[in-house]
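J.: Need a 3D model of the following:
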Amino acid sequence: PAYIFIRWSWRAVYILTTLVNGFLSLLQVLLITGTTFGLSSFVFALGDDAFQEFMLGIQFLPTTIMMVHLCPRGSEGAAYAMFTTVNNSALNVSVAFSTMALRIWDVSKETMLGGDLSGMMRLTILTSVMQMSGILFVRFLPQTKEELHELRLDSKSQLGGAIFLAVTFLSIFYAAFVSVMNIFAPGWMGES
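T.: This is a model prediction of the structure:
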């Protein structure tokens with residue numbers, strides 16, 4: 001039973017885990033409305049986060065396998081470091097974008113204390129749907145190990161490498177800029 005996903009295609013694993021993760025994210029709507037099925041809000045939110053991390057862990061292994069197979073022999077460590085950097089910078093950029101999304105609907109402290117949670121509900125639904133949008137890119141994953149091997153043979157591109165590095169460094173700089181601005185000029189984006 002522990003090896004059930006080993007027989008699945010990588011695409012199927014990504015689609016299933018992304019959909020489950022999106023569903024778990026949508027459970028935040030229940031938390032906002034106070035429908036926690038008799039559990040304390042803390043326990044309900046903790047369980048939601050734990051299951052989301054579990055789903056991301058399931059996605060991590062096939063991703064790592066693909067990355068190791070695509071890198072040249074002897075460069076596995078450097079490739080893993082680049083993969084980890086891209087993953088971590090994407091997480092930081094998502095936090096920065098989340099901060100920007102606070103301006104879409106009124107989610108100010110005053111509004112929520114006044115009992116209007118509609119902005120929080122809409123924002124939660126939007127971010128949950130955005131999490132699931134990654135499914136649109138699953139078709140770019142190799143379907144079989146043979147396709148992965150062909151990609152390795154045909155995957156030398158200086159332009160692709162330059163784009164990869166530019167996106168990675170711009171993402172890191174952007175996330176750092178937003179973080180610094182949030183510390184030294186809170187509310188600079190219009191959020192409360």
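J.: Can you name every helix or strand that the lowest-mean-pLDDT helix or strand in the chain contacts?
T.: Counting by mean pLDDT, DSSP states H and E, the weakest-scoring helix or strand in the chain turns out to be helix 145-153, with a mean of 75. On a contact count with 3 or more CB pairs under 8 Å, 6 or more residues apart in numbering; DSSP states H and E, helix 145-153 meets helix 41-70. C-beta: built from backbone N, CA, C; applies to glycine.
J.: Which strands or helices does the helix it packs on pack on?
T.: So helix 41-70, by 3+ CB pairs under 8 Å, 6+ apart, packs with helix 10-26, helix 28-33, helix 76-101, helix 145-153.
J.: Which one of these lies nearest to I183?
T.: helix 76-101 (11.9 Å; CB to CB).
J.: Can you get me the centre-to-centre distance for the closest one and its chain?
T.: Chain-centre distance of helix 76-101: 9 Å, with CA atoms, centre = their mean, to the nearest Å.
J.: Beyond it, next helix or strand please.
T.: helix 109-113 (DSSP states H and E).
J.: Quick one: mean pLDDT over that next one.
T.: In this model, helix 109-113 carries a mean pLDDT of 88.
J.: Tell me the buried residues in the very next helix or strand once past it?
T.: Using DSSP H and E, the helix or strand that directly follows helix 109-113 along the chain is helix 118-132. Neighbour-count burial for helix 118-132 flags G119, M120, M121, L123, T124, T127, S128, Q131, M132 (criterion: 16 or more other CB atoms under 10 Å).
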